[in-house]
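Asker: from the sequence below, what's the structure:
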Amino acid sequence: MMPSNMSEEAPLRLKVAAQLAFPDGSMTASGLRREAARGRLEVERIAGKDYTTLESIRKMRELCRVQVKVQDSTNERRDTLTANSSTVLSGSSRTGIAISPQDALRARLKKSRQQKQSKP
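Answerer: Below is the predicted model:
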C-alpha cells in the first residue's frame with residue numbers, strides 16, 4: 001500500500017516500486033528491468049542504482065495493455081440477405097455444389113450410352 005504522503009513522482013528503487021505497484025507479488029525488480037530494456041518503462045540510474053516512479057509504471061501499464069481484437073468472421077449463418085447480396089455462389093463457396101469428377105464421368109458415360117441406344 002502506498003503511503004498517503006508519497007507522490008506519484010517520487011523516485012523508488014525497482015524492488016520497492018514493484019512491491020507498491022503490484023502488491024500481489026506478480027512483478028519483480030527483474031521484470032521492471034526487462035520492461036525498461038524494451039523501452040516501456042522510464043528508469044533513472046543514480047549512483048549505479050535504478051529508480052522509477054509509480055507514474056512511470058502507470059504509463060508502462062498503458063503501453064502493455066492488450067488490445068481486444070475485432071472478430072472478422074463468425075460461424076453464424078446469415079438467415080437474411082442484404083440488399084446487395086446475391087444467392088448465386090461464386091469462388092470457393094461454389095465448390096460445395098459441384099459434383100465429384102467420378103460422378104461427372106458417370107453422367108457423361110450414361111448420356112453417351114443413351115444417345116447410342118436412341119440412334120436407329
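Asker: phi first, then psi, for the residue positioned nearest the centre of the chain.
Answerer: Nearest to the mean C-alpha position of the chain, counting by CA atoms, centre = their mean, stands Lys69 at 5.0 Å. Per-residue torsions, Lys69: phi -80, psi 140 (degrees, to the nearest 10).
Asker: quick one: it from Gln102, how far?
Answerer: Distance check for Lys69 against Gln102: by CB to CB, to the nearest Å, it reads 42 Å. C-beta coordinates here come from the backbone N, C-alpha and C atoms, glycine included.
Asker: likewise for Ser30?
Answerer: Distance from Ser30 to Gln102, by CB to CB: 64 Å.
Asker: tell me the mean pLDDT for the lengthiest helix in the chain?
Answerer: Criterion DSSP state H: the longest helix present in the chain is helix 101-118. The average pLDDT within helix 101-118 is 86.
Asker: so what touches it?
Answerer: Helix 101-118 is contacted from outside by Ile99, using CB atoms under 8 Å, 6 or more residues apart in numbering.
Asker: tell me how many other residues surround Leu32.
Answerer: By the criterion of other CB atoms under 10 Å, Leu32 has 25 neighbours.
Asker: which element is it on?
Answerer: Using DSSP states H and E, Leu32 sits within helix 29-37.
Asker: helices or strands up against that helix?
Answerer: If you count contacts as 3 or more CB pairs under 8 Å, 6 or more residues apart in numbering; DSSP states H and E, helix 29-37 packs onto helix 14-21, strand 49-52, helix 54-64.
Asker: pipe the ones you listed into a markdown table and attach mean pLDDT, distance to Lys111 and mean neighbour count per row.
Answerer: As requested, the helices and strands packed on helix 29-37 are exported to a markdown table (pLDDT from 0 to 100; distance: least, CB to CB, whole Å; neighbours: other CB atoms under 10 Å):
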| stretch | mean pLDDT | distance to Lys111 | mean neighbour count |
| --- | --- | --- | --- |
| helix 14-21 | 96 | 78 | 18 |
| strand 49-52 | 97 | 81 | 18 |
| helix 54-64 | 96 | 67 | 15 |
